[in-house]
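Undergrad: I would like to see how this sequence folds:
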Amino acid sequence: MSLTRAHVSHIAELARLELTESEIARMTEQLSAILEYAERLTALDTDAIAPTASVLPNQNVMRPDVVMPSLTRAQVLQNAPDTDANREFLRVRAILEE
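TA: As a prediction, the model looks like this:
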């Protein structure tokens with residue numbers, strides 16, 4: 001499939017791109033070449049190939065979840081810039097939309 005300058009201009013408009021005349025000419029050639037290559041791929045016989053989502057084996061790469069000791073409330077609040085009167089909670093400035 002070969003694209004025309006009008007097709008490329010329309011695609012650029014949809015993508016909100018401002019292309020110069022030389023860029024439109026270059027994109028017309030490049031996008032046409034891409035579509036021609038994709039068209040060649042449709043001619044391949046893929047009936048014997050099972051559908052795949054990925055060619056790489058899926059594996060979990062996350063580390064195991066291990067329970068570890070954490071900081072106490074007093075340790076957390078020790079360096080807090082602002083706390084409540086009883087030093088039990090962090091206090092943060094409210095962020096509200098007007």
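Undergrad: Now do the same contact list for residue 9.
TA: Residues in contact with residue 9 (CB atoms under 8 Å, 6 or more residues apart in numbering) are 19, 24. Every C-beta, even on glycine, is put in place using the N, C-alpha and C of the backbone.
Undergrad: Report the secondary structure state of it.
TA: Assigned with DSSP: H, G, I helix; E, B strand; the rest coil, residue 9 falls in the helix class.
Undergrad: quick one: the strands in this structure?
TA: Using DSSP state E, the chain contains no strands.
Undergrad: What are the contacting residues of the helix ranked longest in the chain?
TA: Scanning the chain for the longest helix, with DSSP state H as the assignment, gives helix 21-41. Contacts with helix 21-41, where a contact means CB under 8 Å, 6+ apart, come from 1-5, 7-9, 11-12, 19.
Undergrad: switch to 6 Å and redo it
TA: With CB atoms under 6 Å, 6 or more residues apart in numbering as the test, helix 21-41 has contacts from 1-3, 5, 8.
Undergrad: ok, now how distant is residue 69 from residue 75?
TA: 11 Å (CB to CB, to the nearest Å).
Undergrad: Neighbour count for the two, which is higher?
TA: residue 75 (9 against 5; other CB atoms under 10 Å).
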